[in-house]
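Student: Need a 3D model of the sequence below.
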Amino acid sequence: MAAAPTISITIVNAEPAGAGVAFAIDGVAHQAPAGSRQDLAVAPDSNITYDGGGSLGQRRYRISPGLYEFRSTAEGWALYKLAGMP
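Tutor: Residues are numbered from 1 along each chain as shown. Take a look at the predicted model:
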């Protein structure tokens with residue numbers, strides 16, 4: 001039986017210190033502690049969900065291969081796909 005296809009993503013928590021952020025990819029829970037970097041293999045067309053906190057509430061995005069960065073903003077957590085990455 002062939003393995004299911006995957007894509008590669010990297011999740012970074014850009015905060016040098018402080019709180020981490022909890023997120024899920026297709027319902028599988030993950031943690032991104034402050035200053036962390038995680039390389040993950042996920043199914044194509046996966047969804048990432050996380051609590052943005054503050055006024056942002058629950059956030060959900062479809063992800064594609066590349067580098068993503070969590071940043072703490074005045075409104076709460078935001079997730080950015082870094083430019084120039086696939």
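Student: rest of the way, CA atoms for contacts and neighbours
Tutor: Fine.
Student: Identify the residues contacting residue 72.
Tutor: 15, 78 (Cα atoms under 8 Å, 6 or more residues apart in numbering).
Student: Flag every buried residue along the helix or strand where it lies.
Tutor: Per DSSP states H and E: residue 72 is located in strand 66-73. Buried residues in strand 66-73, counting neighbours by 16 or more other Cα atoms under 10 Å, are found at 66-72.
Student: Could you do stretch 7-19 as well?
Tutor: For stretch 7-19, the neighbour count (16+ other Cα under 10 Å) marks 9, 11-15 as buried.
Student: ok, so of these, who is nearest residue 62?
Tutor: Relative to residue 62, the closest of the buried residues of stretch 7-19 is residue 9; by Cα to Cα it sits at 12.0 Å.
Student: Identify the bridge partners of the closest one.
Tutor: Beta-bridge partners for residue 9, by DSSP bridges, are residue 40, residue 66.
Student: That one and residue 39: what is the separation?
Tutor: Residue 9 is 6 Å from residue 39, where distance means Cα to Cα, to the nearest Å.
Student: Need the residue closest to the centroid of the protein.
Tutor: In the chain, the residue lying closest to the centroid (Cα atoms, centre = their mean) is residue 11, at 5.0 Å.
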